[in-house]
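>>> how would this look folded up:
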Amino acid sequence: MIDMSLEIFDRFLAAYTMGTHMLFTYWAIALPIFIVTSEYLAYRRNDPIYLAIAKRWSIVLAVLFAVGSASGAAIAVEFITAWYKWMYVVSQVDMLPFDIEVIAFFSEVIFLALYLYGWNRMSRVAHMVTGLLVGLGTAASAVLIILVNSWMNTPVGFDVVQFSQTGQITGVNPLATLLPPIASAEVPMGLAGAYFVGFGSLAGYFAFRLLRGGKAREYYSRGLKLSVYLVALDAIFLAWAGDNAGKALYSLQPLKSATLEGLIQTTSKAPMALGPLSIPGLLSLLVSWPPKVNAVVLGYSSFSPSVQDPLQWLAHSSYDVMAIIGILGALVFWVLGVAMLRRPGGKIATVLGLDRPAERKLPLYASFLMGWLQLVAWESGWVAAETAREPFAISGPMVQVGGQYTIQAGMLTSQAFNGSPEILPIGIAIIATLTLAVPGALYVLKRLFRNREITVDIEDSRGLLVEMTQTGGSS
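Here you go, the predicted model:
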């Protein structure tokens with residue numbers, strides 16, 4: 001009973017800490033691109049408003065980066081305490097991505113400091129390159145962490161079958177862990193999703209401020225247009241990444257694919273179910289290559305009950321939430337992006353407010369709603385991805401036994417947790433710390449900008465542009 005209670009606590013601890021950390025990761029990945037793009041437009045058009053946007057949001061990036069780093073450190077403590085059995089295997093086989101991630105993290109810190117310090121101390125090009133290197137570092141960190149997750153889903157770099165049978169770690173090849181097979185799906189999906197949620201959240205924020213009215217409307221209007229253009233562009237990348245992920249997942253992890261899609265019976269012309277909507281043959285079409293509407297897709301009926309996910313309902317429901325919100329968001333932002341670019345005329349466009357999408361209420365409400373709903377999709381996608389791997393912490397190859405498939409898993413989740421009561425005070429301390437992280441970050445940002453008028457920042461930016469022009473691009 002104690003072990004069961006501790007297992008539930010460790011699972012809750014992992015879900016809570018990583019779910020909280022995910023609130024900061026997409027900002028660190030998306031904001032550098034948004035900021036540098038705004039800075040480039042400021043120099044290209046000699047526009048102080050875009051420069052003010054870049055300068056103000058670089059402060060936001062610094063605060064969120066600091067708090068996100070702290071939450072990441074808390075997760076590191078959790079790994080070596082609550083999940084030390086899993087971490088032991090990682091330390092013997094899959095430590096290389098973590099080691100490289102430390103280098104990527106320090107590069108982020110260094111270049112972010114240089115970017116913040118170098119506003120009027122570097123040339124324009126050098127400063128923008130520094131900002132892009134911040135974005136490269138955060139993206140590299142994300143990729144390396146995703147590689148570890150991919151390794152858990154499709155473990156390589158050691159003999160996972162022998163480990164599952166004897167507990168002995170043999171045939172270790174650390175370099176192989178940098179190329180786990182499912183990474184070809186997880187890496188593009190992770191990056192595309194982070195950019196989409198980041199740019200979408202920005203669009204939601206700027207739309208909210210425009211709906212409230214008040215001063216500096218041009219500041220918020222330009223911020224909205226830039227974020228909508230970026231999220232609409234990324235939606236193309238995300239659409240490809242999603243299609244690629246579906247095919248790769250079914251090819252490499254058909255059990256996880258069945259879990260996410262909610263497919264119970266193996267069947268041809270398998271339907272795609274999204275909430276109450278079921279489209280016959282669409283799942284077969286999407287997971288097969290070349291696409292075939294009558295392709296046979298493995299469902300739960302083809303797998304041994306011992307490897308079926310006890311949290312299948314949660315994984316499938318979360319996946320549906322992510323997919324529905326993501327698809328709706330992509331469609332809305334594509335329409336808004338085109339409308340802002342081309343300003344369509346006609347009665348329908350006028351009724352929908354697409355003739356002036358940055359001024360009319362309906363497009364602004366759509367931007368606000370779809371922008372912030374992407375955060376729900378982001379968290380739901382993470383829940384779906386992690387719960388769909390159950391009951392395994394480290395999966396393994398699929399083999400057929402007695403007419404059904406089973407998984408020769410490296411480690412069950414029930415084998416990976418810390419069963420000692422000593423984990424309780426550590427876990428409670430981590431939870432308490434992270435509970436304060438989100439409101440603490442918002443409080444700090446509110447204090448930083450409370451007496452910092454946007455109009456003053458625009459005038460300061462105007463003076464900086466003049467100074468840069470007179471000194472040939474640097475002060």
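>>> tell me the contacts of Ser184?
Applying Cβ atoms under 8 Å, 6 or more residues apart in numbering to Ser184 gives the contacts 244, 248. For the C-beta atoms, the positions are set from N, CA and C on the backbone; glycine is no exception.
>>> ok, now how distant is it from Asp355?
To Asp355, Ser184 is 43 Å away according to Cβ to Cβ, to the nearest Å.
>>> how close does the nearest residue to Pro357 once chain neighbours are set aside sit to Leu23?
Distances taken as Cβ to Cβ, 6 or more residues apart in numbering put Pro363 closest to Pro357, at 3.9 Å, once the chain neighbours are dropped. Using Cβ to Cβ, Pro363 is found at 27 Å from Leu23.
>>> out of these two, which sits in the more crowded spot?
Pro363 (25 against 19; other Cβ atoms under 10 Å).
>>> which positions within the host helix or strand of the more buried one qualify as buried?
Assessed by DSSP states H and E, Pro363 sits inside helix 361-387. Applying a neighbour-count criterion of 16 or more other Cβ atoms under 10 Å, one finds 363-364, 366-368, 370-375, 377-387 buried in helix 361-387.
>>> repeat that for stretch 244-258.
245-258.
>>> hmm, who's touching it?
Applying Cβ under 8 Å, 6+ apart, the contact partners of stretch 244-258 are 153-154, 181-182, 184-186, 188-189, 260, 263-264, 286-289, 297-300, 303, 307-309, 388-389, 395, 398, 405, 407.
>>> same question, stretch 384-391
15, 18, 149, 152-153, 256, 259-260, 307, 309-312, 314-316, 318-319, 322, 395, 412-414.
>>> which stretches of the chain form strands?
Assigned by DSSP state E, the chain shows strands spanning 267-268, 272-274, 277-279, 296-297, 392-394, 398-401, 404-407, 411-412.
>>> TSV for those, including distance to Thr81, mean neighbour count and mean pLDDT?
As requested, the strands of the chain are exported to TSV (distance: least, Cβ to Cβ, whole Å; neighbours: other Cβ atoms under 10 Å; pLDDT from 0 to 100):
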stretch	distance to Thr81	mean neighbour count	mean pLDDT
strand 267-268	45	14	94
strand 272-274	39	18	86
strand 277-279	44	11	87
strand 296-297	41	18	94
strand 392-394	15	23	94
strand 398-401	32	11	91
strand 404-407	28	17	94
strand 411-412	17	18	93
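>>> out of those strands, which gets nearest to Asp10?
Taking Cβ to Cβ, strand 392-394 is the member of those nearest to Asp10, at 11.0 Å.
>>> strand partners of that closest one, parallel vs antiparallel please.
strand 411-412 (antiparallel) (DSSP bridges).
>>> quick one, domains of the protein?
Under the assignment automatic domain parsing, the domains of the chain span 1-169+423-475, 181-390.
>>> any idea of the mean pLDDT in the longest helix along the chain?
Using DSSP state H to define each element, the chain has its longest helix at helix 2-45. Average pLDDT, helix 2-45: 90.
>>> ok, now stretch 227-240?
Computed over stretch 227-240, the mean pLDDT rounds to 96.
>>> contacting residues around Leu362?
So Leu362 contacts 352-353 (Cβ under 8 Å, 6+ apart).
>>> report pLDDT for it.
94.
>>> that one and Arg356: what is the separation?
Distance from Leu362 to Arg356, by Cβ to Cβ: 11 Å.
>>> quick check, Val335 in contact with Leu354.
Yes. Val335 lies in contact with Leu354 (Cβ atoms under 8 Å); the separation is 7.2 Å.
>>> higher neighbour count, the two?
Just comparing Val335 and Leu354: by other Cβ under 10 Å the higher neighbour count belongs to Leu354, 22 against 18.
>>> contacting residues around the more buried one?
Applying Cβ under 8 Å, 6+ apart to Leu354 gives the contacts 335-336, 339, 344, 360, 363.
>>> got it, and Val287?
Taking Cβ under 8 Å, 6+ apart, one finds 246-247, 249-251, 257, 270, 295, 297 in contact with Val287.
>>> cool, Leu263 as well?
Each residue near Leu263 by Cβ under 8 Å, 6+ apart is listed here: 257, 270, 283, 297-300.
>>> of the contacts of Leu354, closest to Ala140?
Leu336 (30.9 Å).
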